[in-house]
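Asker: only geometry, no sequence info:
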C-alpha cells in the first residue's frame, strides 16, 4: 500500500478524525486518484474495522470513532468523487422502525455502509411504514434497511414490509433487518431478504444482495 | 408493620422472585407496538395494575414500576417530557396499590436514556446524572422500597445514573446491565468491569437483565459472581423472539424450561430471579414454583 493510503488507513483504524481528514487532503494534493483513496484507503480500513468488531476485538465505541474518522476523510474526498467517475454500490433507505427510538446501532450500520460506497438516505428513528414507502419511491432505492432494538417494536418491521407490498414496491427493493433481538429466523418469517447481526456483516449482506 | 428491608431479607439468605416482562405482556393486552408503556399507563392504569397483580399472584416478591422510559429523553418521544414527575409517581402508586397488604417489594425502574454520552454522542454526563436524579426523586417520593437502574450498556451512563440517584436517595439500589455480545455489553463492558467500577459507589445489588439467550446470560452470571460479593439480580429474557404461524411474536423458552433453569441460576449465585422480555405470568409462576421448592428443600 502506498504511504499516503497507509496514512489514511491507519488514521481510520485508530479512529483519529483530524489525521484522517489531513491524510486524505495530503493524498489528493499529491495527485492520488480519489477512487483509489476511497477503495484502497478508506474501504479497506473500514473492512478491517468490521472484522475487528466481528472478532470481538472492537466494540461500539471503537467502531464509532473509526466510522467518524472515515466520515471526516470522506467529507474532504466527496466533492472530488463526484467529479471523477464514482460508482455507487447502491442506494439504501435506512431507519429505526416506528415506535423505536434507538439509533445507535442504526447509525453505525449507516456509517459502515457509507464506508463501503453505498449511498445512504437516513430516515432517523421512529420511522412509520409509510415514510419508508415514500422514501423508496422518491429515491428509487435499491435497499431498505430496518433496525429495531425492542422486542415490542420488532413487529413494525413486518408491518413495513407489508406496506411496501401494498405499494407495489416490495419486488423493487431488497429488505435487510437487524437489531439486538432480531434473528435470521425472524427475518425469514417476516419475509425480509436478509438479516445481519452487526454493522460489519450488514455491509457483507448488502454487497451480496447487490450482486444477486 | 416494620418498614420492609429487602437487603436484610437477602442477607438472611432468602431467594426473592422478581417479576416478568412489562412490554411483552402489555402488548398481549392491547398496547400497540411502538407506543411507550408509560404513555399507555396514563390511558389504561387498570391494565398496569392488573399485570402487577398477575405477577404477585404468580409468586413475585418484587415488582417493578412501569417507569423504564420515565426519563426526559425517552418521554420526549411521546411529547411527555413535562409529565415525567407525574408518570413516575403514577407508576409507583400503581405498583404500591398492587402490593398493598402483601410482603411484596416495589422496585422503581430506571432505564437508559437511549442517548450516547459525549464524546461518542451528544449527551453531557452531567445532564444524564440530573435526569436519573429527577426520576429517582419522583419514584422515592411515591414510596418505592428500592430503585433499580436497569438494562445498562455503557459504564459512563451507569456511573452517571448511580451518582444521580445517590445525590437524592439512600434507598437500596440495584444496577443491572444487559450483556448481549458474548458476555459483554454492546459497548464492550464485562461483568467484572461493571462490578469493579460500581462497587466504588453505594450500590447494594448488582444485576444482569435482558441480554440474549439463557446460555449467554448464564455465562455472564458466573463471571459476575466471581467478581462481587454483593447480592445478584438475574432477570434474563425468555430466549429470543420469533413469529408463529398466526403472526404473533412468541419466545423460544417455555414456562417449563424457564422454571427448570432456576436451580442453575441460584446455584451460580443469583439471589433475585425473574425474567425480562418474553416472561409471561405463566413463566413467572414456573420460576416462583421452583424457588419455593428450593426453599422447602433447604
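Answerer: Received it, and whenever you're ready, just let me know what you need. As the structure is a prediction and not an experimental result, all values here were calculated from the model.
Asker: Report the contact partners of residue B:102.
Answerer: Applying C-beta atoms under 8 Å, 6 or more residues apart in numbering or on different chains to residue B:102 gives the contacts residue B:56. C-betas here are computed from N, CA, C, even on glycine.
Asker: which stretches of the chain have low pLDDT?
Answerer: Went with chain A since none was named. Residues of chain A meeting the criterion pLDDT under 70: A:82-86.
Asker: my question was about chain B
Answerer: Across chain B (using pLDDT under 70), the flagged ranges come out as B:1-3.
Asker: Which parts of it are strands?
Answerer: B:16-17, B:62-64, B:105-110, B:146-152, B:173-177, B:205-210, B:232-236, B:241-243, B:249-251, B:270-273 (DSSP state E).
Asker: Just tell me which of those strands ends up closest to chain A.
Answerer: When these are compared by C-beta to the nearest C-beta, strand B:241-243 sits nearest chain A, at 4.1 Å.
Asker: which residue ranges form the helices in the chain?
Answerer: No chain was given, so I picked chain A. For chain A, helices defined by DSSP state H occupy the ranges A:3-14, A:17-29, A:34-36, A:44-54, A:60-83, A:104-114, A:129-139, A:155-166, A:184-190, A:199-211.
Asker: my bad, the chain I had in mind was chain B
Answerer: Using DSSP H, helices in chain B cover B:6-11, B:23-28, B:37-43, B:45-58, B:72-75, B:84-99, B:125-141, B:155-166, B:191-198, B:214-225, B:255-267, B:281-297.
Asker: can the ones you listed go into a markdown table with extra columns for distance to chain A and mean neighbour count?
Answerer: As requested, these are exported to a markdown table (distance: least, C-beta to the nearest C-beta, whole Å; neighbours: other C-beta atoms under 10 Å in any protein chain shown):
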| stretch | distance to chain A | mean neighbour count |
| --- | --- | --- |
| helix B:6-11 | 28 | 16 |
| helix B:23-28 | 4 | 21 |
| helix B:37-43 | 8 | 19 |
| helix B:45-58 | 14 | 20 |
| helix B:72-75 | 7 | 19 |
| helix B:84-99 | 15 | 22 |
| helix B:125-141 | 15 | 21 |
| helix B:155-166 | 10 | 23 |
| helix B:191-198 | 12 | 20 |
| helix B:214-225 | 12 | 20 |
| helix B:255-267 | 16 | 18 |
| helix B:281-297 | 14 | 18 |
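Asker: Quick one: the helices of chain A as CSV, columns for mean neighbour count and distance to chain B too.
Answerer: As requested, these are exported to CSV (neighbours: other C-beta atoms under 10 Å in any protein chain shown; distance: least, C-beta to the nearest C-beta, whole Å):
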stretch, mean neighbour count, distance to chain B
helix A:3-14, 20, 15
helix A:17-29, 19, 11
helix A:34-36, 17, 29
helix A:44-54, 20, 9
helix A:60-83, 19, 5
helix A:104-114, 24, 6
helix A:129-139, 18, 11
helix A:155-166, 20, 5
helix A:184-190, 17, 4
helix A:199-211, 19, 11
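Asker: Can you report how many residues lie near the residue of chain A found nearest chain B?
Answerer: Of all residues in chain A, residue A:99 sits closest to chain B, at 1.9 Å by C-beta to the nearest C-beta. Number of residues near residue A:99 (other C-beta atoms under 10 Å in any protein chain shown) recorded here: 23.
Asker: Quickly note the distance from the residue nearest the centre of chain A to residue A:178.
Answerer: Centroid-nearest residue in chain A, with C-alpha atoms, centre = their mean: residue A:113, separated by 2.2 Å. Using C-beta to C-beta, to the nearest Å, residue A:113 is found at 11 Å from residue A:178.
Asker: again with residue A:195
Answerer: Noted for residue A:195: a distance of 6 Å to residue A:178, by C-beta to C-beta.
Asker: Please say which of those two ends up with more neighbours.
Answerer: residue A:178 (26 against 21).
Asker: Residue in the stretch 101-250 of chain B with the shortest distance to chain A?
Answerer: For the stretch 101-250 of chain B, C-beta to the nearest C-beta, closest residue to chain A: residue B:188, 3.0 Å.
Asker: Show the contacting residues for the residue nearest to that residue when sequence neighbours are not counted.
Answerer: Using C-beta to C-beta, 6 or more residues apart in numbering or on different chains and skipping residues adjacent in sequence, the residue nearest residue B:188 is residue A:59, 3.0 Å away. For residue A:59, the contact set (C-beta under 8 Å, 6+ apart) comprises A:53, B:181, B:184, B:186, B:187, B:188.
Asker: Same question for residue A:51.
Answerer: Contacts of residue A:51 (C-beta under 8 Å, 6+ apart): residue A:200.
Asker: now do residue B:192
Answerer: Here residue B:192 is in contact with B:223, B:224, B:226, B:227 (criterion: C-beta under 8 Å, 6+ apart).
Asker: before we move on, back to that, same list (the helices of chain A) but as CSV, adding distance to residue A:173.
Answerer: As requested, those are exported to CSV (distance: least, C-beta to C-beta, whole Å):
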stretch, distance to residue A:173
helix A:3-14, 30
helix A:17-29, 32
helix A:34-36, 27
helix A:44-54, 23
helix A:60-83, 24
helix A:104-114, 15
helix A:129-139, 6
helix A:155-166, 7
helix A:184-190, 15
helix A:199-211, 10
